[in-house]
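1. predicted model and sequence below, questions to follow.
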Amino acid sequence: MPGWVPAEFGAPATVHAGHTTRTGGVSTGPFASLNLASHVGDDPGHVRANRARLAASLALPDEPLWLRQVHGTAVAVHDGTAREPEADAAVAFEPGRVLAVLTADCLPVVFAARDGGRIGIAHAGWRGLAGGVLEATVRALGLPGPELRAWLGPAIGPAAFEVGPEVRAAFVAPDPGAAGALTANARGRWQADLYSLARRRLAALGIAAVAGGGECTCLGTSRYYSFRREAVTGRLATLAWIGGRR
């Protein structure tokens with residue numbers, strides 16, 4: 001069975017979300033075994049088989065809206081017509097629309113309206129996070145922050161995520177308080193805490209109900225793909241959809 005970890009963030013029972021692990025698929029070599037990305041060099045037939053296995057195991061109501069992610073801030077609206085739009089976030093306003101983002105160290109973020117009527121998902125690597133992908137997703141959802149819940153999926157942790165001064169400047173210049181999420185190291189660079197940076201931005205949006213976070217994809221585990229650790233590797237999927245009760 002494909003590895004699947006449900007997201008627990010207090011959303012209504014009709015909102016489903018979670019993320020995959022790298023187990024339970026048919027891919028081999030550096031992509032073993034549940035790679036869900038078609039752009040990393042894996043056998044396309046293996047990717048199709050892995051996606052089919054995941055859809056069957058979760059009884060998905062429809063094919064996920066897979067995105068062509070570019071570390072930007074564009075948000076796609078899943079209305080049942082678009083296929084693989086160039087975007088790093090997506091929203092849906094009706095049951096049966098499955099949202100998806102692919103990650104291998106970047107931070108996946110799921111949003112849900114408190115009444116369960118709207119969902120969003122975002123791929124938030126440091127570029128997208130600094131550029132405003134979370135803010136863009138909330139704007140696309142059309143709800144004030146207090147009416148939303150958010151969940152942070154697995155991403156690279158601060159012990160593994162060393163960045164240069166340009167990354168620090170991208171966060172600290174518009175928000176001096178973000179400096180607390182970037183710790184200087186002995187190499188004259190910085191250890192960045194994506195989770196803390198995301199929580200700051202969510203708080204600024206008025207979203208107080210935030211769960212998840214803190215699980216590193218890079219260090220101390222082999223259950224996740226990690227680009228920083230492996231370079232040539234597969235991708236995890238984070239999914240969200242509105243359906244029947246869990």
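-> Thanks, I have it.

2. not counting its neighbours along the chain, what's nearest residue 171?
-> residue 178 (4.2 Å; Cβ to Cβ, 6 or more residues apart in numbering). No exception for glycine: its C-beta is placed from N, CA and C like everyone else's.

3. correct me if wrong: that neighbour contacts residue 170.
-> No: counting by Cβ atoms under 8 Å, residue 178 does not reach residue 170; the two are 9.2 Å apart.

4. compare those two (neighbour count), which wins?
-> residue 178 (20 against 16; other Cβ atoms under 10 Å).

5. pLDDT weak spots in this protein?
-> Within the chain, the ranges that satisfy pLDDT under 70 run 245-246.

6. all strands of it, in order?
-> Along the chain, counting by DSSP state E, strands occupy 4-6, 15-20, 75-77, 89-92, 99-103, 107-113, 119-124, 148-152, 162-163, 182-184, 190-192, 209-212, 236-242.

7. quick one: closest of those to residue 39.
-> Closest approach to residue 39 among those (Cβ to Cβ): strand 99-103, 8.6 Å.

8. and the longest helix for the chain?
-> helix 44-58 (DSSP state H).

9. if you count contacts, what does it end up packed against?
-> Helix 44-58 sits against strand 4-6, with contacts defined as 3 or more Cβ pairs under 8 Å, 6 or more residues apart in numbering; DSSP states H and E.

10. apply 10 Å and report the result again.
-> When contacts are defined as 3 or more Cβ pairs under 10 Å, 6 or more residues apart in numbering; DSSP states H and E, helix 44-58 packs onto strand 4-6, strand 15-20, strand 236-242.

11. pipe those into a markdown table and attach distance to residue 163 and mean neighbour count per row.
-> Formatted as a markdown table, the helices and strands packed on helix 44-58 follow (distance: least, Cβ to Cβ, whole Å; neighbours: other Cβ atoms under 10 Å):
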| stretch | distance to residue 163 | mean neighbour count |
| --- | --- | --- |
| strand 4-6 | 27 | 14 |
| strand 15-20 | 23 | 24 |
| strand 236-242 | 21 | 26 |
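
12. could you give the bridge partners of the residue most central in space within the chain?
-> Closest to where the C-alpha atoms of the chain average out (Cα atoms, centre = their mean) is residue 108, at 1.5 Å. Note on residue 108: beta-bridge partners residue 123, judged by DSSP bridges.

13. tell me the contacts of it?
-> By Cβ atoms under 10 Å, 6 or more residues apart in numbering, the residues touching residue 108 are 7, 17, 19, 100-102, 121-124, 151-155, 212, 236-240.

14. on that earlier part again, let me have the helices and strands packed on helix 44-58 in CSV, extended by distance to residue 207.
-> Shown next, in CSV, are the helices and strands packed on helix 44-58 (distance: least, Cβ to Cβ, whole Å):
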stretch, distance to residue 207
strand 4-6, 20
strand 15-20, 15
strand 236-242, 15
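
15. need the phi and psi values for residue 93.
-> Residue 93 has phi and psi values of phi -120, psi 10 when expressed as degrees, to the nearest 10.

16. any idea how far residue 228 is from residue 103?
-> To residue 228, residue 103 is 12 Å away according to Cβ to Cβ, to the nearest Å.

17. so for those two, which residue has more residues nearby?
-> Legend: neighbour count by other Cβ under 10 Å for residue 103 and residue 228, higher for residue 103 (27 against 16).

18. dig out what the more buried one forms beta bridges with.
-> residue 236.

19. surely it is in contact with residue 237?
-> Yes: in this structure, residue 103 is within contact of residue 237 by Cβ atoms under 10 Å, at 8.0 Å.
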